[in-house]
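**Student:** sequence isn't available, so here's the structure alone:
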Ligand code: FES
C-alpha cells in the first residue's frame, strides 16, 4: 500500500536521449539508477545486478519488458525488479518514473525513493 510519504521526482534526461530498446545509467539523488525504455514506457531500477554487482544499464533491454545482465544472463523484470532465472535470485529495487514537459521537452523523471521505500 502506498503511504502519504512524499517521494519527489528528479529529471534525468530528455525522452529523446533514451531510444526504444535501450538503457542508460543516470544519477538520482546520489544513486546510480538504470533507466530503460520499451516502446512508450520508461522503467527505472537500481543500476546494480543483485548477483555480482555489475551495472544492469550495460545489459540488453528485451521487448518483453526485461533487461538481461550482460555478465551471466539473468533477466530482471523492469516493472518489479524480480529476476526470472539464475544465477541472480534476489530482486533489484525499482523506482517510479514519469514523463513530463520541461520547457517544451518531453523529459524522463525518476522518483528519489525506491518503490520499496515508499511502501514501507
Ligand atoms: S552479475 Fe548479473 S547475473 Fe551474474
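**Tutor:** Nice, I can see it. Since the structure is predicted, the reported quantities are computational estimates derived from the model, not experimental observations. Numbering: from 1, shown residues only.
**Student:** please count neighbours and contacts with C-alpha atoms only from this point.
**Tutor:** Fine.
**Student:** tell me the secondary structure at residue 48.
**Tutor:** Of the three states, residue 48 takes coil under DSSP: H, G, I helix; E, B strand; the rest coil.
**Student:** so what's the closest residue to it other than its chain neighbours up against?
**Tutor:** Excluding its sequence neighbours, the residue lying closest to residue 48 (Cα to Cα, 6 or more residues apart in numbering) is residue 55, at 4.8 Å. For residue 55, the contact set (Cα atoms under 8 Å, 6 or more residues apart in numbering) comprises 34, 47-49.
**Student:** any chance of those residues in TSV, plus pLDDT, distance to residue 64 and neighbour count?
**Tutor:** As requested, the contacts of residue 55 are exported to TSV (pLDDT from 0 to 100; distance: Cα to Cα, whole Å; neighbours: other Cα atoms under 10 Å):
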residue	pLDDT	distance to residue 64	neighbour count
34	98	17	25
47	98	19	24
48	98	20	18
49	98	19	26
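**Student:** what residues does the chain have near the ligand?
**Tutor:** The chain comes close to the ligand at residues 49, 51-54, 69, 71-74, 87-88, as judged by Cα under 6 Å from any ligand atom.
**Student:** which one of these is nearest to residue 17?
**Tutor:** Distance to residue 17 across the residues of the chain next to the ligand (Cα to Cα) is lowest for residue 69, with 21.6 Å.
**Student:** need the contact list for the closest one.
**Tutor:** Contacts of residue 69 by Cα under 8 Å, 6+ apart are 49, 56, 58-60, 75-76.
**Student:** residue 57 now?
**Tutor:** Counting by Cα under 8 Å, 6+ apart, residue 57 makes contact with 23-25, 34-36, 47.
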